[in-house]
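Engineer: pasting the structure only:
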């Protein structure tokens, strides 16, 4: 008797299956995938300017470090696809700050002016800064 794979089991097997075998098991071909991007520990350039934001005292924030969030400069969970984590921080006082948008700052999550460098300015959005 043939083994039936439920929809819940197939996704778990997907990485291990060859495209032809997956088509035989599921009845559909493996979807085309975009080229795999390499992510540095500083993430990709989201924007080339910082974000001016008002942050509240005692509130916990999660700054996007990967550059993939659709809710910049804050995290929306997109980092899970690339194995990075957001920078979590709490403000000791309410104040206006500049949060890094290029993700290349050395004062995470705050802007340190790195976005003004030629390296960042010459990088396409969504790409790593050349080493």
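Structural biologist: Arrived safely. Nothing here was measured: the structure is a model prediction, and the numbers come from that model.
Engineer: helices along this protein, start to end?
Structural biologist: Along the chain, the segments classed as helices by DSSP state H run 10-13, 19-26, 118-121.
Engineer: what's the average pLDDT for the longest one?
Structural biologist: To tie it back to what came earlier, the one meant is helix 19-26. Averaged across helix 19-26, the pLDDT comes to 47.
Engineer: likewise for the last one?
Structural biologist: The average of the pLDDT scores along helix 118-121 is 97.
Engineer: pLDDT weak spots in this structure?
Structural biologist: Counting by pLDDT under 70, the chain has low-confidence residues at 1-40.
Engineer: which stretches in it count as strands?
Structural biologist: Assigned by DSSP state E, the chain shows strands spanning 51-55, 60-63, 87-90, 95-99.
Engineer: how far away is residue 57 from residue 95?
Structural biologist: 8 Å (Cβ to Cβ, to the nearest Å). For glycine as for every other residue, the C-beta is placed from the backbone atoms N, C-alpha and C.
Engineer: one more: residue 127?
Structural biologist: Relative to residue 95, and taking Cβ to Cβ, residue 127 is found at 32 Å.
Engineer: now do residue 107
Structural biologist: Counting by Cβ to Cβ, the gap between residue 107 and residue 95 amounts to 16 Å.
Engineer: ditto for residue 117
Structural biologist: Residue 117 is 26 Å from residue 95, where distance means Cβ to Cβ.
Engineer: now residue 120
Structural biologist: Counting by Cβ to Cβ - residue 120 and residue 95 are separated by 25 Å.
Engineer: between the two, which one's more packed in?
Structural biologist: A side-by-side neighbour count of residue 120 and residue 95, using other Cβ atoms under 10 Å, places residue 120 first with 17 against 11.
Engineer: not counting sequence-adjacent ones, nearest residue to the more buried one?
Structural biologist: Leaving out its chain neighbours, the residue that sits closest to residue 120 by Cβ to Cβ, 6 or more residues apart in numbering is residue 102, at 4.9 Å.
Engineer: list the residues that contact that neighbour.
Structural biologist: Residue 102 makes contact with 45, 46, 47, 48, 49, 50, 114, 115, 120, 129, according to Cβ atoms under 8 Å, 6 or more residues apart in numbering.
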